[in-house]
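J.: Below are the sequence and a predicted model; questions follow.
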Amino acid sequence: MQCRSPAGSEESAREIFKRHVGPSVDRYYVDVLGNFIGKLNEKGERRTALIGGMDENGLMITHITPQGFIYFESIAPMDVSALVGHKVCISTDNDSVVGVIAKNMLQRNRDTDRSRLQDSSAYWIDIGVRSKDEALSRVKLGDIATFYENFSILNGSFAIGRSFDGKLGAYAAGEAVRRLARFKGRLLGGVDLIASCHRKLGSRGAKVAAWECQPQVAISIDAGYATDTPGVDNRIWGEVNLGGGPIIYRGAQSNDEVFSRLVATAKKFGIKHQISATGYPLKSDSSVAQLERGGCLTAALGIPVRQVNTPLEITALEDTELCIKLLTHYAIETQKA
């Protein structure tokens, strides 16, 4: 969670997977797009892919004013109105530069200003310089800023961080594969770990990796919207609670058989879980894997997160641990079946 890996620049996250997951798999490689792909029990004929995105949101520098103020575009959709006053870290060729996201606070109460809350052109990054030339001596167009906040414990098992949306799924998939390596002799089939890149750019990494790996089953793990906060209409958004366990989605992105086996596995091993139903395909890695080559059986899991796509997201750590247990037991039980 601490490493900075905005979509399209996931090098630091890949290095972590190489160090911590690489020794547990038969072999691993990085494909041309930047996905980390690990093969466990590679000779197994029936393959299950566990897919999690290792990228995070970011802000790309698109313009610098004569006064040195930096304008940006979000790499992926986010609640831009939640950014004001937050520190960012701009990664450059040689170093990193700290800045603060700002807006014209003198007009914050005007109706015309409220209509621009989600317009990124109403915001800029202030890096404490006096001119464009001074700014360009520190950053350049195309550099990417990530939120400054790092992982920390909020209270008990509740944690806060800037990049739970996506990275929690990659961590869960990688840790499940590490644990499955201890039971390699009991695996009749193989398991592919896909730590995907470009997830926030439309799951482009998962699309390429699924085409290449050709799994029979693909399960994506991502952040899921927690709905246990004030003002949320559960009739529309369902009931998803922090600490309630991983979300097992039912709908177009989940094959009925895979969904049923996930639920049965959770019940058999006493793994707390939540069901969320959606009538339309989720924007997830499993949705694109489902359609590659001749298609494959897919399912989607979610780890509950509050304040998704903001500089500080909130999660309950036990939900990630329960997700890892579910993936581990599912892989063993399914291959026995």
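T.: Now that the structure is in, tell me what you want to look at. Numbers count the residues shown, from 1 in each chain.

J.: so who does the nearest residue to residue 303 once chain neighbours are set aside touch?
T.: Excluding the flanking residues, the one nearest residue 303 by CB to CB, 6 or more residues apart in numbering is residue 168, at 4.7 Å. The C-beta positions use only the backbone N, C-alpha and C, and glycine is treated the same way. The contact partners of residue 168, by CB atoms under 8 Å, 6 or more residues apart in numbering, come to 52, 221, 222, 223, 303, 305, 315, 320.

J.: just checking, which of the residues you listed belong to strands?
T.: Judged by DSSP state E, the contacts of residue 168 include 52, 221, 222, 223, 303, 305, 315 as members of strands.

J.: Tell me what the fifth one is bridged to.
T.: Beta bridges link residue 303 to residue 223 when assigned by DSSP bridges.

J.: how many neighbours does it have?
T.: Number of residues near residue 303 (other CB atoms under 10 Å) recorded here: 29.

J.: That one reaches residue 324, doesn't it?
T.: No - with contact defined as CB atoms under 8 Å, residue 303 does not reach residue 324; the gap is 9.9 Å.

J.: where do the contact lists of the two overlap?
T.: With CB under 8 Å, 6+ apart as the test, residue 303 and residue 324 both reach residue 172.

J.: Name all residues that make contact with residue 274.
T.: So residue 274 contacts 239, 240, 241, 244, 245, 246, 247, 248, 304 (CB under 8 Å, 6+ apart).

J.: rewinding a little: phi first, then psi, for the residue nearest to residue 303.
T.: phi -60, psi -40 (degrees, to the nearest 10).

J.: Please tell me the pLDDT value assigned to it.
T.: We have a pLDDT of 94 for residue 168.

J.: ok, so what distance separates it from residue 12?
T.: Distance, residue 168 to residue 12, by CB to CB, to the nearest Å: 17 Å.

J.: Please tell me how far the helix or strand harbouring residue 206 is from the chain's geometric centre.
T.: Using DSSP states H and E, residue 206 sits in helix 204-213. Relative to its chain's centre, helix 204-213 lies at 16 Å (CA atoms, centre = their mean, to the nearest Å).

J.: List the buried residues in that helix.
T.: Applying a neighbour-count criterion of 16 or more other CB atoms under 10 Å, one finds 204, 205, 206, 207, 208, 209, 210, 212, 213 buried in helix 204-213.

J.: tell me the contacts of residue 234?
T.: residue 227.

J.: Distance check, it against residue 241.
T.: 10 Å.

J.: need the helices for the protein, in chain order.
T.: Assigned by DSSP state H, the helices in the chain fall at 11-20, 111-114, 132-136, 164-180, 204-213, 234-237, 256-268, 285-289, 317-336.

J.: Got the domain ranges for this protein?
T.: 11-56+163-336, 59-147 (automatic domain parsing).

J.: So for the closest residue to residue 246 other than its chain neighbours, what's the pLDDT?
T.: Distances taken as CB to CB, 6+ apart place residue 323 nearest to residue 246, at 3.9 Å, with adjacent residues excluded. According to the prediction, residue 323 has pLDDT 97.

J.: My understanding was that residue 323 contacts residue 305; is that so?
T.: No - using CB under 8 Å, residue 323 makes no contact with residue 305, being 12.0 Å away.
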